[in-house]
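Chemist: Sequence first, then the predicted structure, then my questions.
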Amino acid sequence: MNSTVCIYILNHNYGKYLERAVKSVYDQSVQPTQIILIDDGSTDKETIESIKRIKHTYPSCNIYERENCGLIKSSNFALSLCKCDYIIRLDADDYLEAEAIEKLTKKITEDDNTAICFGNYYEIDTEGSHLRLVQRLNFEKDVELYDIPAHGACTLFAHKALMDVGGYDETISCQDGWDIWLKLSASYKITNVKEVVFYYTKHSRSLSSNKFKILDARCNIIKREVTRRGLNTGKVAAVIPLCPSYGMDEQELAMTCIKDKPLITYMIESAQRCNVEKIIILTKNVQVWSADLLEQHPKVELFERGSLNNLSIESASAALYEYAMINKFDKYVVLNLLYPFTSPKYIEKAIHCLECFNINSVVSVLKDDSIFYRHLGKGLVNIRSNEIKRYERDDIFRRAGGINCATYETIVNTRSLTGGILGHIIIDDYALFKYEGYINTMIVDQVAEAYLKHDYK
């Protein structure tokens, strides 16, 4: 029996591109069984005119003109209309490669337990010019850690699997594929094809450009998934290593104030807002610390460490190993004092990632799309072999912010905060901000004020 495919096109004020998207569906080498167009309350004149022409040119296209309710509710509406084995979303400003449905369907039907199949894609500008090719790793041969989801659009899903996990979560205000990816990857297989299957239009106002909203949503999604799977994070200790820096001894640095609040207090308060049992301050001399600190923060414990020359991962790992050999917790999250605007949501996300992906350690990073060179003796050479073709294997993540998290076994067995299978979390601009002594004193208060408004809203 041949598999059936439903494709639904979502449009909101993209009338300029709508007919291109619909045409790409009808130009498929293998025709979808069910074609749905959902207009999500568009107000642009182009959409009105385009829908009139589509009704005339493509009478088999089932068109639903609805009040605006957003991407998630519209997607769930499409799920309710779907009568096919598989379903795929096409956004109105994107369009499909001619053999997309054929290739994705052929691949996903190789295994009945596969719920997701996706392909590579071209990023294009609003005029249709190619910007770059985005090429993912081979999920059957090269990928074991499913912590980077497929693009939310133009991914083929098993309809029954989507329904079994409850469809899309309408309580999450902003999604980019993470919620469904985590739900399905827990129980089903994921695969991909090496060919390009669609063209993705980059807009300056795209949802993918709204970094703060997306990162907030990802934190909530990971947290909910841990709860949904019934995972237990166990006993967690937050660890704040101290050492001299910027010409100050460790206590002077820790008590340096930003907006009348010491650096150490920012870190303690962030840790306290997470589900940690203890907050361990690794210090060279416990005697110099006032008893008021412990009275004000009952979860805080002072631990006299050995030598700690700087706040690098390597130095912190050695100091934490000393503590872990005496005081066992299931997980340790290490916070760098120099990043005072580290939000509790990212600390929690690091802890949750250990459980959700069953990995050994997590580090806060940024994906860096800058151009990097290396010197090979005959001049500089671009690290990436091709800037037009962006291969996932060439993606560069640089350590950013001050969060490291690892299991007890990882710390004891590898003496490293980045040992074993290393996962990552991406953080926002506040968590990226590093206190650098007197160098950035003039702007640090402004950043603090903005951070407090954003994170404590």
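Modeler: Cool, the structure landed. It should be emphasised that the depicted structure is a prediction, and the values quoted were computed from it without experimental measurement.

Chemist: For the stretch 351-457 of the chain, give me the ranges with low pLDDT.
Modeler: 385-387, 438-442, 455-457 (pLDDT under 70).

Chemist: for this protein, which strand is longest?
Modeler: Looking across the chain with DSSP state E, the single longest strand is strand 189-201.

Chemist: In that strand, which residues are buried?
Modeler: Across strand 189-201, burial judged by 16 or more other CB atoms under 10 Å covers Lys189, Ile190, Thr191, Asn192, Val193, Val196, Val197, Phe198, Tyr199, Tyr200, Thr201. Backbone N, C-alpha and C define where each C-beta goes, glycine included.

Chemist: and the residue lying closest to the fifth one once chain neighbours are set aside, what pLDDT?
Modeler: This points to Val193. Residue nearest to Val193 in three dimensions, not counting chain neighbours: Gly119, with 4.5 Å by CB to CB, 6 or more residues apart in numbering. pLDDT for Gly119: 97.

Chemist: and what of the one 3 residues further on?
Modeler: Among the per-residue scores, Tyr122 holds a pLDDT of 94.

Chemist: Could you look up the SS state of it?
Modeler: Of the three states, Tyr122 takes strand under DSSP: H, G, I helix; E, B strand; the rest coil.

Chemist: And the strands in the stretch 301-450 of the chain?
Modeler: Listed in chain order, the strands of the stretch 301-450 of the chain (DSSP state E, counting those that start in this stretch) span 331-335, 361-367, 373-375, 380-382, 389-391, 397-407, 422-426.

Chemist: Of the ones you listed, which is nearest Gly437?
Modeler: Nearest to Gly437 among those is strand 397-407; the distance by CB to CB comes to 15.6 Å.

Chemist: Parallel or antiparallel, list what pairs with the closest one.
Modeler: strand 331-335 (antiparallel), strand 361-367 (antiparallel) (DSSP bridges).

Chemist: For stretch 284-295, which residues meet the burial criterion?
Modeler: Neighbour counts over stretch 284-295 (16+ other CB under 10 Å) mark Lys284, Trp289, Leu293 as buried.

Chemist: how does the chain divide up, domain by domain?
Modeler: 5-209, 236-455 (automatic domain parsing).

Chemist: Quick check: longest helix in the protein by residues?
Modeler: Counting residues, the longest helix found in the chain (DSSP state H) is helix 211-228.

Chemist: on that earlier part again, please identify the deepest-packed of the strands of the stretch 301-450 of the chain.
Modeler: Ranked by mean neighbour count, the strands of the stretch 301-450 of the chain are led by strand 331-335 with a mean of 26 (mean count of other CB atoms under 10 Å).

Chemist: what sits up against it?
Modeler: 233-241, 267, 270-271, 274, 276, 316, 320, 324, 342, 347, 350-351, 354, 402-408, 411, 417 (CB atoms under 8 Å, 6 or more residues apart in numbering).

Chemist: for the protein, what helix or strand is lowest in average pLDDT?
Modeler: The helix or strand of the chain with the poorest confidence is strand 389-391; it has a mean of 74 (mean pLDDT, DSSP states H and E).

Chemist: Any chance you could list what contacts it?
Modeler: Residues outside strand 389-391 that contact it (CB under 8 Å, 6+ apart): Arg132, Leu133, Val134, Gln135, Arg384, Ser385.

Chemist: Is the first one located within a strand, as I assumed?
Modeler: Spelled out, it's Arg132. Yes: applying three-state DSSP, one finds Arg132 inside a strand.

Chemist: picking that back up, how about the strands of the stretch 301-450 of the chain, which one is nearest Asn11?
Modeler: Closest among these, once you apply CB to CB, is strand 389-391, at 27.7 Å.

Chemist: Relative to the closest one, what are the paired strands and their orientations?
Modeler: strand 130-135 (parallel).

Chemist: Next up, identify which helix or strand Glu65 is on.
Modeler: Per DSSP states H and E: Glu65 is located in strand 62-66.

Chemist: quick one on the thing from earlier: out of the buried residues of stretch 284-295, which comes closest to Ala78?
Modeler: Using CB to CB, Leu293 comes nearest to Ala78 of the buried residues of stretch 284-295, at 55.4 Å.

Chemist: Just give the nearest non-adjacent residue to the closest one, would you?
Modeler: Leu293 sits nearest to Val300 (CB to CB, 6+ apart), 6.3 Å away.

Chemist: just checking, Lys183 touches Asp164?
Modeler: No: under the criterion of CB atoms under 8 Å, Lys183 is not in contact with Asp164, lying 9.1 Å apart.

Chemist: okay, those two: which has more neighbours?
Modeler: Legend: neighbour count by other CB atoms under 10 Å for Lys183 and Asp164, higher for Lys183 (24 against 14).

Chemist: what's the residue lying closest to that one once chain neighbours are set aside sitting at in phi/psi?
Modeler: Among residues not flanking Lys183 along the chain, Val165 sits closest, at 4.1 Å (CB to CB, 6+ apart). Backbone geometry at Val165, expressed as degrees, to the nearest 10, gives phi -100, psi 10.

Chemist: And the contacts of strand 331-335, which of them are buried?
Modeler: 233, 236-241, 267, 270-271, 274, 276, 316, 320, 324, 342, 347, 350-351, 354, 402-408, 411, 417.

Chemist: taking those one by one, which sit in helices?
Modeler: Those of the buried ones among the contacts of strand 331-335 mapping onto helices are Met267, Ser270, Ala271, Ala316, Leu320, Ala324, Ile347, Ala350, Ile351, Leu354, Tyr408, Ile411, per DSSP H.

Chemist: isn't the fourth one right next to Arg415, touching?
Modeler: Think Ala316. No: with contact defined as CB under 8 Å, Ala316 does not count as touching Arg415 (11.2 Å).

Chemist: quick one on the thing from earlier: what's the local residue count around the residue nearest to Val193?
Modeler: When counting by other CB under 10 Å, one arrives at 23 neighbours for Gly119.

Chemist: next one: the one 4 residues further on
Modeler: The number of residues packed around Glu123, counting by other CB under 10 Å, is 14.

Chemist: again, but for Gly70
Modeler: Neighbours of Gly70 (other CB under 10 Å): 14.

Chemist: which ones are touching the residue nearest to it when sequence neighbours are not counted?
Modeler: Distances taken as CB to CB, 6+ apart place Asp40 nearest to Gly70, at 7.0 Å, with adjacent residues excluded. Contacts for Asp40 (CB under 8 Å, 6+ apart) come out as Leu10, Asn11, His12, Arg66, Asn68, Cys69, Gly70, Leu71, Ser74.

Chemist: What is the nearest of those residues to Leu380?
Modeler: The nearest member of the contacts of Asp40 to Leu380, counting by CB to CB, is Leu71 at 42.8 Å.

Chemist: correct me, but the closest one touches Leu10?
Modeler: Yes: the criterion here is CB under 8 Å, and Leu71 meets it with Leu10 at 6.7 Å.

Chemist: Thanks again, I'm all set now.
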